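Novice: Next comes the sequence, and after it the predicted model I'd like to discuss.
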Amino acid sequence: MNKKRSKIGYLPIVGGALAFGWFVKNFQSKAQGNDESLFQKIKNAEQKLYQDGLKRANELDLIKNEIQTKVMK
């Protein structure tokens, strides 16, 4: 009977270890996923800045051309 009780005493310890391992595994996978999404967010922000700058440059070129055509007339 004494050996049976000692084996039963290990069950909560094993269960806790399994739960802790599962928690650590999920935490690490989420952390790695967040790093990728952070990288993607930075990449998207850079792309947006580039597109906005290109749009602004095109607008300035149009304004410059309009002014030159009006001055030439």
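Specialist: It's in. If you're wondering where the values come from, they're calculated on a predicted model, not measured in any experiment.
Novice: What segments of the protein are helices?
Specialist: 2-72 (DSSP state H).
Novice: low-confidence ranges in it?
Specialist: 1-7, 31-36 (pLDDT under 70).
Novice: centroid residue for it?
Specialist: Ser37 (1.8 Å; Cα atoms, centre = their mean).
Novice: And that residue, how far from Lys30?
Specialist: 10 Å (Cβ to Cβ, to the nearest Å). Every residue, glycine included, has its C-beta placed from N, CA and C.
Novice: again, but for Ala19
Specialist: From Ala19 over to Lys30 (counting by Cβ to Cβ), the distance is 16 Å.
Novice: Okay, buried residues for stretch 49-63 please.
Specialist: Of the residues in stretch 49-63, none has enough neighbours to count as buried (16 or more other Cβ atoms under 10 Å).
Novice: Could you number the chain from 23 rather than 1 from now on?
Specialist: In the new numbering, first residue 23, that becomes stretch 71-85.
Novice: How far away from the center of its chain is that stretch?
Specialist: 28 Å (Cα atoms, centre = their mean, to the nearest Å).
Novice: and Gly37, how many residues sit next to it?
Specialist: When neighbours are defined as other Cβ atoms under 10 Å, Gly37 has 10 of them.
Novice: Repeat that for Ala39.
Specialist: 10.
Novice: What distance do you get for it to Tyr72?
Specialist: In terms of Cβ to Cβ, Ala39 sits 50 Å off from Tyr72.
Novice: Equivalent analysis for Lys95, please.
Specialist: 35 Å.
Novice: got it, and Lys65?
Specialist: For Lys65 relative to Tyr72 (Cβ to Cβ), the value is 11 Å.
Novice: swap in Gly43?
Specialist: 44 Å.
Novice: repeat for Phe45
Specialist: From Phe45 to Tyr72 the distance is 41 Å (Cβ to Cβ).
Novice: swap in Val46?
Specialist: Taking Cβ to Cβ, one finds Val46 at 39 Å from Tyr72.
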